[in-house]
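Engineer: show me how the following folds:
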Amino acid sequence: MAKTILIYSPQAEAGALIGAIVADLGAEVVETESVERVLKLASELRPSLIILLDTALLRNGCDIVARLRRARQEQTSRRGDVAIYVVTWQQSEECVLSLLDSGIDQYLTFPISIERLRHKVYKQIATRQQR
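Structural biologist: Numbering: from 1, shown residues only. Okay, the predicted model is just below:
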């Protein structure tokens, strides 16, 4: 099964930057600037990893993490099969704990360590490949 990384960012340039950083790690990279489209793509593409570059989605009450996991689960029998990473500017400790409590798997901050991000994504993709 082909592996896919789905990247959501309201700013196309930021999404393209993260996409370029992880482009050669053995997975197709798909970027979107639309919340509706990220939900649709999560269902259609069955990504191994979703990277969100916006915390507003996680704090505005739309419960995007649960919706992404549910969209992904509709297409597979495996529950919780998709990893969700958030890459954003440094947040308060309370905000970070809230993000982690919402169900995200990794929280990384800008300025991003390219090697750290690549390592985490590569490890995630390799883990999904073995399942």
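
Engineer: longest strand in this structure, please.
Structural biologist: Taking DSSP state E as the assignment, the strand of the chain that covers the most residues is strand 83-89.

Engineer: and the contacts of it?
Structural biologist: Residues outside strand 83-89 that contact it (C-beta atoms under 8 Å, 6 or more residues apart in numbering) are 18, 48-55, 58, 65, 68-69, 99, 103-110, 112, 117, 120-121, 124, 128. The C-beta positions use only the backbone N, C-alpha and C, and glycine is treated the same way.

Engineer: counting only strands, which of those residues make the cut?
Structural biologist: Counting by DSSP E, the part of the contacts of strand 83-89 found in strands is 49, 50, 51, 52, 106, 107, 108, 109, 110.

Engineer: show me where the protein has helices.
Structural biologist: If DSSP state H is used as the criterion, the helices of the chain fall at 12-22, 35-45, 56-59, 64-73, 93-101, 114-130.

Engineer: redo those helices as JSON lines? Include mean neighbour count.
Structural biologist: Supplementary listing: those in JSON lines, determined by neighbours: other C-beta atoms under 10 Å:
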{"stretch": "helix 12-22", "mean neighbour count": "17"}
{"stretch": "helix 35-45", "mean neighbour count": "18"}
{"stretch": "helix 56-59", "mean neighbour count": "17"}
{"stretch": "helix 64-73", "mean neighbour count": "19"}
{"stretch": "helix 93-101", "mean neighbour count": "13"}
{"stretch": "helix 114-130", "mean neighbour count": "14"}
